[in-house]
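Visitor: Below is the sequence, then the predicted model.
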Amino acid sequence: MKTISGSRVIYNFTHGMEPIETIIPGEVIKVESNDCFFQQIAREDQVMTEIDYGRLNPATGPIYVEGAEPGDLLKVKILDIAVAGKGVAATVTKEGVLGDQATRSKIRIIDIEDGYATFEGVRIPIEPMIGVIGVAPAQKDGQWPTATPWKHGGNMDTTDIKKGSTLYLPVNQEGALLALGDCHALMGDGEICFTGLEVPAVVTIETGLIKGKTVEWPLVETDEYTAVIASGNNLDEALYAATSEAVKYMMRGLKLTWEDAYILASLSVDLKISQVVDPKKTARAAIPKNVLTAGKIIESL
Ligand code: CA
Ligand code: ZN
């Protein structure tokens, strides 16, 4: 099995980025993922302002997937996320939902053992997830720093991007050019204080291709639902985009009028917050599988 080294990273998703490795659809690979600080934080007494902000949110890759062409859908099944034995969480002055109350930075190093993170005596089972994962954006969309989520993926900070889930990303460039990083051992929806439990990790994925079908926004399929992940300048914009796609999928997938799909969405779709702390905000509209499966959504694209 191929292992993609965590020393090969990007900080921008661009249309013309150079791949560092080539794989074939169906191939299972391991990807070494750096934490969002590129492991620059090792002690709680470090000064937040002294770290190199040019090295935040490295994404390992890009990986060229043979046969992927614009207009296809890249399927990324997450088989495993093996996290390190400790991680970092921090407040950063003026950041997060309560930025106005966050008057000083504070770093905490948190131990992870036997599947649990322990913080101030509180033991929480970890739920590893991938914060940054994406492909080359469309040429017309320009370039995106890895810190920002958009239609190509990026820093979506979505808790559903976890072991067992399948992510579907729109292919905009030959080879798709997949890159990922910024794993969290734990994060609540929203990423309230600006960080999750930031950890280096080794991610095992299986890629696949769906030819000639694509989506506007990434989709993530969990055991229970398929969620449209959309981003915007604020939560209202993100929720609008996610809902609009979800209703469209229900209309097409279930052959409903738009009005009936809108009603059915109101009865069954959960709107969830992914993150509200990145340069754009991210939300998702989760369509339960008992209403419409991912397979049916993709079939109707
Ligand atoms: Ca992140
Ligand atoms: Zn992170």
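Guide: Looks like it came in fine. Ligands and ions are numbered 1, 2, ... in the order given.
Visitor: Residue of the stretch 101-250 of the chain nearest ligand 1, please.
Guide: residue 131 (3.4 Å; C-beta to the ion). All C-beta spots, glycine's among them, are computed from the backbone N, C-alpha and C.
Visitor: ok so that residue is a strand residue?
Guide: Yes - assignment of residue 131 by DSSP: H, G, I helix; E, B strand; the rest coil places it within a strand.
Visitor: Show me the beta-bridge partners of the closest residue to residue 58 other than its chain neighbours.
Guide: In space, and not counting its chain neighbours, residue 58 is closest to residue 9: 3.7 Å by C-beta to C-beta, 6 or more residues apart in numbering. In this entry, residue 9 is beta-bridged to residue 60, by DSSP bridges.
Visitor: What separation is there between residue 9 and ligand 1?
Guide: Using C-beta to the ion, to the nearest Å, residue 9 is found at 14 Å from ligand 1.
Visitor: so who does that residue touch?
Guide: Residue 9 makes contact with 34, 38, 58-61, 179, 181, according to C-beta atoms under 8 Å, 6 or more residues apart in numbering.
Visitor: Near residue 164, how many residues? Count them for me, please.
Guide: As a burial measure, residue 164 scores 13 neighbours (other C-beta atoms under 10 Å).
Visitor: again but with residue 54, I slipped
Guide: Per other C-beta under 10 Å, the neighbour tally for residue 54 reads 7.
Visitor: That one and residue 11, how far apart?
Guide: 7 Å (C-beta to C-beta, to the nearest Å).
Visitor: so who does residue 29 touch?
Guide: 1-4, 23, 63, 204-205, 207.
Visitor: Can you say which of those residues are buried?
Guide: Among the contacts of residue 29, those that count as buried by neighbour count (16 or more other C-beta atoms under 10 Å) are 4, 23, 63, 204-205, 207.
Visitor: Check the secondary structure at the closest residue in space to the residue of the stretch 101-250 of the chain closest to ligand 1 that isn't next to it in sequence for me.
Guide: For residue 131, ignoring the flanking residues on the chain, the nearest one in space by C-beta to C-beta, 6+ apart is residue 182 at 3.3 Å. Here residue 182 is strand, with the state taken from three-state DSSP.
Visitor: Next to ligand 1 in this structure, residues from the stretch 101-250 of the chain, please.
Guide: 131, 155, 157, 182 (C-beta under 5 Å from the ion).
Visitor: who's the second one bridged to?
Guide: Partner residues in beta bridges with residue 155, using DSSP bridges, are residue 132.
Visitor: just the helices in the chain please.
Guide: 235-253, 258-268, 294-299 (DSSP state H).
Visitor: Ligand 2: which of those is closest?
Guide: Here helix 235-253 is closest among the helices of the chain (C-beta to the ion), at 18.2 Å.
Visitor: List the contacts of the residue of the chain positioned farthest from its centre.
Guide: Within the chain, residue 257 marks the point farthest from the mean C-alpha position, 31.6 Å out by C-alpha atoms, centre = their mean. Contact partners of residue 257, counting by C-beta under 8 Å, 6+ apart, are residue 251.
Visitor: distance of it from ligand 2?
Guide: Distance of residue 257 to ligand 2, given as C-beta to the ion: 41 Å.
Visitor: ok, now residue 41?
Guide: 12 Å.
Visitor: how much space between the closest residue to that residue other than its chain neighbours and ligand 1?
Guide: Among residues not flanking residue 41 along the chain, residue 88 sits closest, at 4.8 Å (C-beta to C-beta, 6+ apart). Residue 88 sits 12 Å away from ligand 1, going by C-beta to the ion.
Visitor: What about residue 88, how many residues nearby?
Guide: 23.
Visitor: Contacts only, for it.
Guide: 35, 37, 41, 107-110, 195, 197-199.
Visitor: Please flag which of the buried ones among the contacts of residue 29 sit within strands.
Guide: Per DSSP state E, strands hold the following members of those: 4, 23, 63, 204-205, 207.
Visitor: what's residue 122 in contact with, if anything?
Guide: Residue 122 neighbours (C-beta under 8 Å, 6+ apart): none.
Visitor: quick one on the thing from earlier: pick the one among the buried ones among the contacts of residue 29 closest to ligand 2.
Guide: Nearest to ligand 2, judged by C-beta to the ion, of the buried ones among the contacts of residue 29 is residue 205 at 18.1 Å.
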